[in-house]
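S.K.: What follows is a predicted protein model with its sequence.
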Amino acid sequence: MKPILDLNAFDVAATANLDARLASSVRRRSGLFGAASVLFYDHPLEFVRAEGCWLYDAAGNAHLDAYNNVPCVGHCHPRIVEAAARQLAAINVNTRYLHPAILDYAERLLATLPPALGNVAFTCTGSESNDLALRLAAQFTGGAGIIVTESAYHGNTAAVTAISPASFKRGGPPAHVRVIDAPRADSPDGSAVAAALASQVTAAIDDLGRAGIRCGALIVDTIFSSDGVYADPPGFLRAAVEAVHRAGGLFIADEVQAGFGRTGSTFWGFARHGVVPDIVTMGKPMGNGHPMGAVVTRPEILEAFCATVGYFNTFAGTPAAAAAGLSVLDVIEQEGLMANTHAVGGHLLAGLRELGLRHPVIREVRGAGLYIGVELTPRSDALATRVINGLRARRVLIGAAGRDGNVLKIRPPLCFSAVHADTLIAALDATLSALAP
Ligand code: PMP
């Protein structure tokens, strides 16, 4: 398996190939960040400003962003910038003081979720959200066992790295974690996906049981992004969630990637599958760049946890975060971004599939809304890396995913237009044609 941070990563050994100014910047950074310095592309990028779906370098060159999901309503959206700035200039304190903005935001956010999920705890990142979710599940169920998919990434704390198989460069998850296959639709109509997933979850529960570990939770990223993007058929999660519930475990929906309208037809990824999670975690797009995350759950689950240690997070849920979060919800609604995601996502999916008819290296195109995976054959990251760098040379930005790193990950801001989609398709066509033998 290819560790997630190695996908589409710049190789420092190639610094000498860069022009003098860029090489000096990379060396300076390597000296400061050391072994933890990670850059994208074989020719790293440096941007000075951004707007909508475009990123600009110092020379004014525009790059089409088909990768970044944090600026979900578009880079530097003036309404979010203005709302957060105005609040920062008025007052910004922690949540142990009353402020109406965070109450308004919490009400608006909870209204997008199933009514049973009545409480929210704010965090600053997806990692913090998942870390708290694991603690809630362990406390409520008394079970330490966690089931995850093979190339899942759920964040960077110690507890969350333990349930992120994609993070391991050596070894793998510890004894309380069971790893199951990604929900690959290998049967032609995808009908076997739900049954295969549920039977793997059941086997994992039994295996935990044999080791004397009770199942605490199944956690999935509901668009299976780092696994290689698996969306269909909708509903395939249901039987797996039922199996976990029968074993006394909880279902944690990690919505850091799929949430906030990304999949087009539903606001949350889990809703495509007709399931109600016990815990929902979120982050990335929530503040369009302002660091925000949240855990939403049933009151009794939070009560069990707060009877032992409780939860407070200094930088989470501040009035400025609430202002940013509220304007993100407003813009998604008022600019019709879910309808746009559905329409442009469908257009992009169809165009990429059409490309697949002419380029045999495209094995499958799949996804939902503006989350699309293009699986290349053979199953190795070498070709995907060349394609991603070929697109980067044509000023179109995408990423990689999947156990073998052979899936092109396309995940633009939700204001991506049909014209942007056509630009991406034409650039991919040109890149694949240039690589063909
Ligand atoms: N869950 C998923 C599915 C993610 O993709 C990520 C980040 N890529 C996280 C959690 C962690 O979020 P953060 O980087 O904000 O801690």
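M.R.: Looks like it came in fine. Numbers count the residues shown, from 1 in each chain.

S.K.: looking at it, Leu376 is touching Arg386, isn't it?
M.R.: No - look at Leu376 against Arg386 with C-beta atoms under 8 Å: they stay out of range, at 9.7 Å. No exception for glycine: its C-beta is placed from N, CA and C like everyone else's.

S.K.: Settle it for me: which of those two has more neighbours?
M.R.: Higher neighbour count among Leu376 and Arg386: Leu376, with 25 against 16, using other C-beta atoms under 10 Å.

S.K.: Could you check how far the more buried one is from His347?
M.R.: 21 Å (C-beta to C-beta, to the nearest Å).

S.K.: same question, Ala194
M.R.: The value you get for Ala194 to His347, if C-beta to C-beta is used, is 28 Å.

S.K.: List the contacts of the residue nearest to the spatial centre of the chain.
M.R.: In the chain, the residue lying closest to the centroid (C-alpha atoms, centre = their mean) is Gln257, at 2.5 Å. By C-beta atoms under 8 Å, 6 or more residues apart in numbering, the residues touching Gln257 are 69, 221-223, 225, 269, 284, 371, 411.

S.K.: Repeat the analysis, applying 6 Å as the threshold.
M.R.: Shown in contact with Gln257 (C-beta atoms under 6 Å, 6 or more residues apart in numbering): 221, 223, 225.

S.K.: tell me which of those is nearest to the ligand?
M.R.: Lowest distance from the ligand to these (C-beta to the nearest ligand atom) belongs to Asp221, with 3.7 Å.

S.K.: Could you verify my assumption that the closest one touches Ile252?
M.R.: No - using C-beta atoms under 6 Å as the test, Asp221 is too far from Ile252 to be in contact (10.1 Å).

S.K.: Enumerate the residues of the stretch 51-200 of the chain near the ligand.
M.R.: 125-127, 130, 153-156 (C-beta under 6 Å from any ligand atom).

S.K.: Now do the nearest residue to Pro234 once chain neighbours are set aside against Cys72, distance only.
M.R.: Nearest residue to Pro234, sequence neighbours excluded (C-beta to C-beta, 6 or more residues apart in numbering): Arg272, at 4.5 Å. Arg272 sits 17 Å away from Cys72, going by C-beta to C-beta.

S.K.: Same question for Ala350.
M.R.: Taking C-beta to C-beta, one finds Ala350 at 23 Å from Cys72.

S.K.: Between those two, tell me which one has more neighbours.
M.R.: The neighbour comparison of Ala350 against Cys72 (other C-beta under 10 Å) goes to Cys72, with 29 against 13.

S.K.: The more buried one and Glu51, how far apart?
M.R.: 15 Å.

S.K.: where do the strands sit along the stretch 1-150 of the chain?
M.R.: Using DSSP state E, counting those that start in this stretch, the strands of the stretch 1-150 of the chain run over 47-51, 54-57, 62-65, 119-123, 145-149.

S.K.: quick one, which of these is nearest to Cys306?
M.R.: Closest to Cys306 of the strands of the stretch 1-150 of the chain is strand 119-123 (C-beta to C-beta; 9.5 Å).

S.K.: what about the helices in the stretch 251-400 of the chain?
M.R.: Counting by DSSP state H, counting those that start in this stretch, the stretch 251-400 of the chain has these helices, from start to end: 299-306, 319-334, 337-358, 381-393.

S.K.: no, scratch that, I was asking about the stretch 1-150 of the chain
M.R.: 20-33, 78-90, 100-110, 126-141.

S.K.: Find the nearest non-adjacent residue to whichever residue of the chain sits closest to the ligand, please.
M.R.: Residue of the chain nearest the ligand, by C-beta to the nearest ligand atom: Gly126 (2.5 Å). Closest residue to Gly126 apart from its sequence neighbours, by C-beta to C-beta, 6+ apart: Gly283 at 3.1 Å.

S.K.: what's around the one you found, how many residues?
M.R.: 26.

S.K.: which residues does it contact?
M.R.: Shown in contact with Gly283 (C-beta under 6 Å, 6+ apart): 125-126, 129, 256, 293.

S.K.: of the residues of the stretch 51-200 of the chain next to the ligand, closest to Glu303?
M.R.: Nearest member of these to Glu303, counting by C-beta to C-beta, is Asn130, at 20.2 Å.
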